[in-house]
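J.: After the sequence you'll find the predicted model.
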Amino acid sequence: MKIDLGLIGSSAVDCGPAAATAETQGFDGVWASESVTDAFLQSQAALMATSQVSVGTAIAVAFARNPMSVAYLSWDLAAMSQGRFVLGLGSQIQAHVERRFSMPWSAPAGRMREFLLALDAIFTAWRDGTRLDFQGEHYQHTLMTPVFTPHHHEHRIPTMIAAVGARMTELGGELCDGLLLHGMTTTSYLDTVTLPAVERGLATSGRDRDALELYAPIFMVMGDTEEQVADLTRRTREQIAFYASTPAYRPVLASVGYDELQPELQAMSRAGRWAEMGDLVDDRLLGEIALVGTPEEMPRLAKERFGGRLDRLSSYFDWPVDDPDRLRDILAAFADDPAPAAR
């Protein structure tokens, strides 16, 4: 199991130093996130500051862009990093695509399929010198002259998409190199919804499970003192409640018998009762979603719950470990090979 560092909320200025530190600490990868700035700009900063770790976007908002603009950015980042860049795309939700980015919205799985196929057509034209002729319902790319063709390289650009529901998950299993799953999940949801959809997608493309990498930022409630654990427990309850107020996560709640909690939290969010929402996340629900323990216990807890299910993960929150040698030892323990959990 690989252990990564997520940079959600970081600016491009912060990403370089953070990625360089992550590399020295023993993290396997770094994920830039499109929250307060452009994920590709963050990725460039992280790649320029490192030499070994993979760097990916988790996520870049696909529907705020078009396949050609994403292709140019990804092609250059792959070249400058000697193939360490991973392209992670997400659909976002309708309100943000239409009202924040002022871009068109349609059925996300169908549009994402076309986006991925268009990207593949563009990369193929650049790599093989073939004529670009992609004509879809949402995207048409039929012009590529030599003056606008980027410099040739042979680095593969692994592509991943963010997925919660079965349709997007199945699409990733069919067309992608990996899936960016959400930390707001349970083993029951993984086993009954996510992994079966992955297998259906892989079967469609004629591939094995080894062809796909599954990543998720996991809620790790950890600390050395009761006060640290109590503080992070509160923050985790609030974050779970925030996600659970969204209808898309009702099936996740239903997987452990909490589906009726979703509309209640949604009503509270609409009333602006944000401070109270975390109180509705009880200990059982917290335990179904989060790992709770000391930092040293996280590798064992993660492998017991997600071994055989996920291939790489990160902590949703920062690691509360100041000693770099201690953190390096903890991270190294994720690479051990225990017996995987049964699927």
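T.: Good, I have the coordinates.

J.: burial of the closest residue to Ala46 other than its chain neighbours, as a residue count?
T.: Nearest residue to Ala46 in three dimensions, chain neighbours excluded: Ala19, at 3.6 Å (C-beta to C-beta, 6 or more residues apart in numbering). (Each C-beta comes from the backbone N, C-alpha and C, glycine too.) Other residues lying near Ala19 total 27 when counted by other C-beta atoms under 10 Å.

J.: Settle this for me: Ala19 is touching Gly6, isn't it.
T.: No. Ala19 lies out of contact with Gly6 (C-beta atoms under 8 Å); the separation is 11.2 Å.

J.: For the nearest residue to Leu180 once chain neighbours are set aside, which residues are in contact?
T.: Leaving aside its sequence neighbours, Leu180 sits nearest to Ala162 (C-beta to C-beta, 6+ apart; 4.3 Å). The contact partners of Ala162, taken as C-beta atoms under 8 Å, 6 or more residues apart in numbering, are 58-59, 88-91, 168, 179-182.

J.: Among those, which ones are in helices?
T.: Members of the contacts of Ala162 lying in helices (criterion: DSSP state H): Met168.

J.: What is the nearest of the contacts of Ala162 to Ile122?
T.: Closest to Ile122 out of the contacts of Ala162 is Leu89 (14.0 Å), distances taken as C-beta to C-beta.

J.: contacting residues for the closest one?
T.: With C-beta under 8 Å, 6+ apart, Leu89 has these contacts: 57, 59-62, 70, 112, 115-116, 159-162.

J.: quick check, Gly287 in a strand?
T.: No. Applying DSSP: H, G, I helix; E, B strand; the rest coil, one finds Gly287 to be helix, outside a strand.

J.: Tell me how many other residues crowd it.
T.: Count around Gly287 with other C-beta under 10 Å applied: 13.

J.: Please determine how far it is located from Arg300.
T.: Using C-beta to C-beta, to the nearest Å, Gly287 is found at 16 Å from Arg300.

J.: What of Val70?
T.: Distance of Val70 to Arg300, computed by C-beta to C-beta: 39 Å.

J.: who has more neighbours, those two?
T.: Neighbours were counted for Val70 and for Arg300 using other C-beta under 10 Å; Val70 has more, 23 against 16.

J.: isn't the more buried one right up against Ala62?
T.: Yes. Using C-beta under 8 Å, Val70 is in contact with Ala62, at 7.0 Å.

J.: From Leu77, how far off is the residue nearest the centre of the chain?
T.: Per C-alpha atoms, centre = their mean, the C-alpha nearest to the average position across the chain is that of Leu180, at 3.4 Å. Counting by C-beta to C-beta, the gap from Leu180 to Leu77 is 17 Å.

J.: and what of Arg284?
T.: 43 Å.

J.: Check Arg100 too.
T.: On the measure of C-beta to C-beta, Arg100 and Leu77 end up 24 Å apart.

J.: now swap in Val221 and tell me
T.: Separation of Val221 from Leu77 (C-beta to C-beta) stands at 34 Å.
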